[in-house]
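> Test case, fold it:
(one chain, ligands or ions: 1)
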Amino acid sequence: MKIEHIGIAVEDLTVSNQIFEKLLGKEAYKQEMVAGEKVKVSFFQVGDVKVELLQATAHDSPIARFLAQKKEGIHHLAFAVENIQEEVERLKGDGFAFLNEEAKDGADNKLIVFLHPKSTNGVLVELCQDKNAYG
Ligand code: CO
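Here you go, the predicted model:
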């Protein structure tokens, strides 16, 4: 596994895009809506890793709930895997709990699952696989 991206929950994507543009000296390479997650996201490439900024698009979005409890900040850590369903089975066998075991569509052309933070020291962990990698 390697770190694929770090997800940051933000109140206002336009404002945060400007902050990260200034910080990193470059523009987001992509911005998109993820309907299933009720979020609007942007991505910045930083070396081999990406920063994903996430803004809620509905009051019942997971990001809206996170912001209500914890304010803006780091939301999740995403690890790239080659075969997401194999990793889910492996980790389930080791006793990890998941928020979703069935891979679903994520941003940036990925299939994703989330582990339950109670399994991972309070850190929300995402596993992601390139959709194109296995057709
Ligand atoms: Co993510």
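
> now the strands for this structure?
Secondary structure of the chain (DSSP state E): strands at 2-9, 30-34, 39-46, 49-56, 73-80, 104-106, 110-115, 125-130.

> Look up how far the ion lies from residue 106.
Applying CB to the ion, to the nearest Å, the value for residue 106 to the ion is 6 Å. For the C-beta atoms, the positions are set from N, CA and C on the backbone; glycine is no exception.

> Looks like that residue contacts residue 100 (just checking).
No - using CB atoms under 8 Å, residue 106 is not in contact with residue 100, being 10.6 Å away.

> Please list the residues of the chain that sit near the ion.
The chain comes close to the ion at residues 7, 52, 78, 126, as judged by CB under 5 Å from the ion.

> For those residues, could you give me JSON lines that also reports pLDDT and neighbour count?
Shown next, in JSON lines, are the residues of the chain next to the ion (pLDDT from 0 to 100; neighbours: other CB atoms under 10 Å):
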{"residue": "7", "pLDDT": "98", "neighbour count": "21"}
{"residue": "52", "pLDDT": "98", "neighbour count": "24"}
{"residue": "78", "pLDDT": "98", "neighbour count": "24"}
{"residue": "126", "pLDDT": "98", "neighbour count": "21"}
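
> ok, back up a step: possible to save the strands of the chain as TSV with distance to residue 19?
Formatted as TSV, these follow (distance: least, CB to CB, whole Å):
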stretch	distance to residue 19
strand 2-9	10
strand 30-34	15
strand 39-46	11
strand 49-56	9
strand 73-80	13
strand 104-106	23
strand 110-115	24
strand 125-130	23
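
> Which of those strands sits closest to residue 88?
strand 110-115 (5.8 Å; CB to CB).

> Fine by me, thanks again.
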